[in-house]
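In: need a structure here:
(2 chains)
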Amino acid sequence: MLENLEQENLTRVPTEWQSTLGKYTETDVRRELANPLAHFSRRRLEALLSPAATGLLEELAQASRKVTRLRFGNAVNLYAPLYVSNYCVNQCRYCGFNCTHHDERRRLTVDEAVEEAMLIAAEGFRDLLLVSGEDVNYIHVNYLAELAGRLRGMFSSLSIEVQVLTQEEYKTLFDAGIDGVTIYQETYDRAAYAYYHPAGPKADYENRLRSQEGAARAGMRKLGLGALLGLRDWRYETLCLALHARTLMKHWWQSKISFSFPRMRPAHEVREDFPHLVSDRELVQMICALRLCFADAGLVLSTRESAEFRNQALHFGITQMSAGSKTNPGGYGEEKSSTRQFDIADNRLVSEVHDYLENQGFDPVWKDWDCGFHRCEGNDR
Amino acid sequence: MTQSLIIAGREFRSRLFIGTGKFSSPEIMRRAIDASGTEMVTVALRRVDISNPQDNMLAPIDRAHVQLLPNTSGARDADEAVRVARLARAASGVDWIKLEVTPDPHYLLPDPVETLKAAEILVKEGFIVLPYINADPVLAKRLQDVGTATVMPLGSPIGSNQGIRTRANLEIIIAQATVPVVIDAGLGLPSHASEAMEMGADAVLVNTAIAVAADPEQMAAAFRLGVEAGRLAYESGPGAVRKTAEASSPLTGFLG
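Out: Predicted coordinates:
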């Protein structure tokens, strides 16, 4: 992966980047839109991301909607995150879990995590994402494998969003019933990466960039990619995400790629000024541009985004959503809350999101996998 | 009235099979199924709780009139497909299975090697196996030889609505088949379904074109008519296509 970015001169924002994109005209954009189902190429994506395309946003959204409905129909998949620990050894400048912050920390025992999961399952969810700070001495592979073993019957799909693991560790988790791995590169720009991740294991840019490959080699079916929007030019990050995805799809063609769009949110004790915050219009353009290059990729929008934005985004490209999320460990069961990773913007109840989807003619999908596919205890009769 | 289709001893008067993905609600799916006149409906095991007849996708399917055809969509290899098929049969008692081994999650193209392997195992275990395949005539023969109930070659990539792009190979499959041939994927319009039936396909399976239509119920009815028209035409023995106009009996008309 690193080699690919290096080959394309993309481990930092290219110096001539603005003028490269400035060369695309409305005609170039319309040429790409004429074939909504065309596949990714660098030229196609650059045209769709260009300032020229900003003036054609409605046309982008219309084309993106067409592709999404054709490939995904009216289905929208629902998932929930379960935060198991907010202890962390990293010092990411944007994150509420930063280890230099002074708040209350919480880690769940396996029993406590199962209790939280039962509350989530009772809402209807069958697709669960286990999330943790980098709490290596506690949230390690054995913990996750044990938890997966307890949750497998309750959920049809289990994914993780934790620290980078080795291929062997991913294999252990895959065998335990975890089938998806989400890891955001945060930023593909080396210099910005170094600034925002000053200490801790996460400071290793290359290790993070290679993690998806290890997960894919281990058999993981779902690979989630993302850049934290606000750290660096969103157009540049989108191009890197696309190249990352294309490389993974070519080599690890049995894994399904999804893109997330985490925009910077306020978080406790985070006082940074983020110079590259992404506007609503820009995020719409990013979502549509990726959809028009990757017709079959899952596009994910979490409760970081407002109800208003999420409601609209469903119509032009988003196919997966969380709902009713708590971003602090123990958040589902307790009134009193420990430190959240970030503040939630869509505070609707799960049932409200579900009903909204139905009223808009979408089919809210809880279950889109079956633990019967896994080779594990009880499945081989 | 066209001839009935027989698959594994069961008679089907409708030659239109329906898939259940992508609809905006189970109710709209139910109405489309009714309007289509179908007697065979496939459901993805990944999407339903097959052991629960009250599952919101299973409940609207009237099993008295419709053969439920669970499918293994999402299986990456023979092992996974066989495992999920066994669990489905154990939970539902249905031994029909639409075998889909699609290791590539983006284009969902079927894996010929793993499909054949899984078909062999499932047939031996008494399943009625309907395998989804690329339009590969040799693979179709191999599957028929191991005892599948049909072959289901694709017209074009699934969900693409592109119509029949594999015509040359489909014609060979149809000419050689000893089991019913069901054109399974890519049909985007009733005219595509007619075309498949006119070619001599025994049935077609349609999902996306109906599910994502502005009016799925009406589109289902349109596909019903398209399939019936195509089949009727096929059974009527259509005339040959010519490049020029031709009188009815140019050589022997003088005989009176």
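
In: In contact with A:M286, which residues?
Out: A:49, A:229, A:234-235, A:238, A:261, A:278 (C-beta atoms under 8 Å, 6 or more residues apart in numbering or on different chains). C-betas here are computed from N, CA, C, even on glycine.

In: One more: A:H197?
Out: Applying C-beta under 8 Å, 6+ apart, the residues near A:H197 are A:90-93, A:186, A:203, A:205.

In: switch to 10 Å and redo it
Out: A:90-95, A:186-187, A:203-205, A:208 (C-beta atoms under 10 Å, 6 or more residues apart in numbering or on different chains).

In: Equivalent analysis for A:F259, please.
Out: Listed by C-beta under 10 Å, 6+ apart, the contact set of A:F259 reads A:224-227, A:238, A:241-242, A:244-245, A:286-287, A:290-291, A:294, A:297-301, A:317, A:320.

In: picking that back up, can the contacts of A:M286 go into a markdown table with extra columns for secondary structure and distance to A:K326?
Out: Shown next, in a markdown table, are the contacts of A:M286 (DSSP: H, G, I helix; E, B strand; the rest coil; distance: C-beta to C-beta, whole Å):
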| residue | secondary structure | distance to A:K326 |
| --- | --- | --- |
| A:L49 | helix | 34 |
| A:L229 | strand | 22 |
| A:W234 | helix | 28 |
| A:R235 | helix | 33 |
| A:T238 | helix | 29 |
| A:F261 | coil | 20 |
| A:V278 | coil | 25 |
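
In: Now residue 128, what are its backbone angles?
Out: You didn't pick a chain, so chain A it is. Main-chain dihedrals, A:L128, degrees, to the nearest 10: phi -120, psi 140.

In: That was the other one, I meant chain B.
Out: With angles defined as degrees, to the nearest 10, B:I128 sits at phi -90, psi 110.

In: what about it, neighbour count?
Out: The tally of other residues near B:I128 (other C-beta atoms under 10 Å in any protein chain shown) stands at 21.

In: A:K202 now?
Out: 22.

In: That one contacts A:Y196, correct?
Out: Yes - counting by C-beta atoms under 10 Å, A:K202 does reach A:Y196; the two are 9.5 Å apart.

In: list the contacts for A:T20?
Out: By C-beta under 10 Å, 6+ apart, the contact set of A:T20 is A:14, A:46, A:50, A:235, A:239.

In: ok, back up a step: between the contacts of A:H197, which is nearest B:F23?
Out: Nearest to B:F23 among those: A:E186, at 37.7 Å, using C-beta to C-beta.

In: Spit out the contact partners of the closest one.
Out: A:92, A:94-95, A:192-193, A:196-197, A:202, A:205, A:208, A:226-232, A:237, A:262.

In: go again using 8 Å as the cut-off
Out: Going by C-beta under 8 Å, 6+ apart, A:E186 touches A:92, A:193, A:196-197, A:208, A:227-228, A:231.

In: what's the burial count for the residue of the stretch 201-350 of chain A found nearest chain B?
Out: Relative to chain B, the nearest point of the stretch 201-350 of chain A is A:K256 (3.7 Å; C-beta to the nearest C-beta). By other C-beta under 10 Å, 20 other residues sit near A:K256.

In: Who does it form a beta bridge with?
Out: When assigned by DSSP bridges, A:K256 has beta-bridge partners A:K222.

In: And the pLDDT at it?
Out: Note on A:K256: pLDDT of 94.

In: I figured it hits A:G224, correct?
Out: No - because the distance of 9.6 Å does not satisfy C-beta atoms under 8 Å, A:K256 is recorded as not touching A:G224.

In: Show me the strands in the stretch 1-150 of chain B, by range?
Out: All strands of the stretch 1-150 of chain B, identified by DSSP state E, counting those that start in this stretch, fall at B:5-7, B:10-12, B:16-19, B:40-44, B:67-71, B:96-99, B:128-133.

In: mind checking how far the fourth one is from the chain centre?
Out: Going back to what we said before, that points to strand B:40-44. Offset of strand B:40-44 from its chain centre (C-alpha atoms, centre = their mean, to the nearest Å): 10 Å.

In: again with the last one
Out: Strand B:128-133 has its average C-alpha position 9 Å from the chain's average C-alpha position, going by C-alpha atoms, centre = their mean.

In: try the first one
Out: On the basis of C-alpha atoms, centre = their mean, the separation between the geometric centre of strand B:5-7 and that of its chain is 12 Å.

In: now for it, which elements pack on it?
Out: Helices and strands touching strand B:5-7, by 3 or more C-beta pairs under 8 Å, 6 or more residues apart in numbering or on different chains; DSSP states H and E, are strand B:10-12.

In: Neighbouring strands of the strand it packs on in the sheet, and parallel or not?
Out: Applying DSSP bridges, strand B:10-12 is found paired with strand B:5-7 (antiparallel).

In: mind listing what residue 201 touches?
Out: Using chain A here. By C-beta under 8 Å, 6+ apart, A:P201 lies in contact with A:89-90, A:134, A:136, A:163-164, A:207.

In: think we crossed wires, I meant chain B
Out: So B:A201 contacts B:170, B:174, B:181-183 (C-beta under 8 Å, 6+ apart).

In: top of those by neighbour count?
Out: Ranked by the number of neighbours (other C-beta under 10 Å), these place B:I183 first, at 31 neighbours.

In: Now do the phi/psi pair for that residue.
Out: Backbone torsions for B:I183, taken as degrees, to the nearest 10, come to phi -80, psi 120.

In: just to revisit the earlier point, JSON lines for the contacts of A:H197, including secondary structure and pLDDT?
Out: JSON lines is the format used below for the contacts of A:H197 (DSSP: H, G, I helix; E, B strand; the rest coil; pLDDT from 0 to 100):
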{"residue": "A:N90", "secondary structure": "coil", "pLDDT": "91"}
{"residue": "A:Q91", "secondary structure": "coil", "pLDDT": "90"}
{"residue": "A:C92", "secondary structure": "coil", "pLDDT": "90"}
{"residue": "A:R93", "secondary structure": "coil", "pLDDT": "90"}
{"residue": "A:Y94", "secondary structure": "coil", "pLDDT": "88"}
{"residue": "A:C95", "secondary structure": "coil", "pLDDT": "85"}
{"residue": "A:E186", "secondary structure": "strand", "pLDDT": "96"}
{"residue": "A:T187", "secondary structure": "coil", "pLDDT": "97"}
{"residue": "A:A203", "secondary structure": "helix", "pLDDT": "95"}
{"residue": "A:D204", "secondary structure": "coil", "pLDDT": "96"}
{"residue": "A:Y205", "secondary structure": "helix", "pLDDT": "95"}
{"residue": "A:R208", "secondary structure": "helix", "pLDDT": "96"}
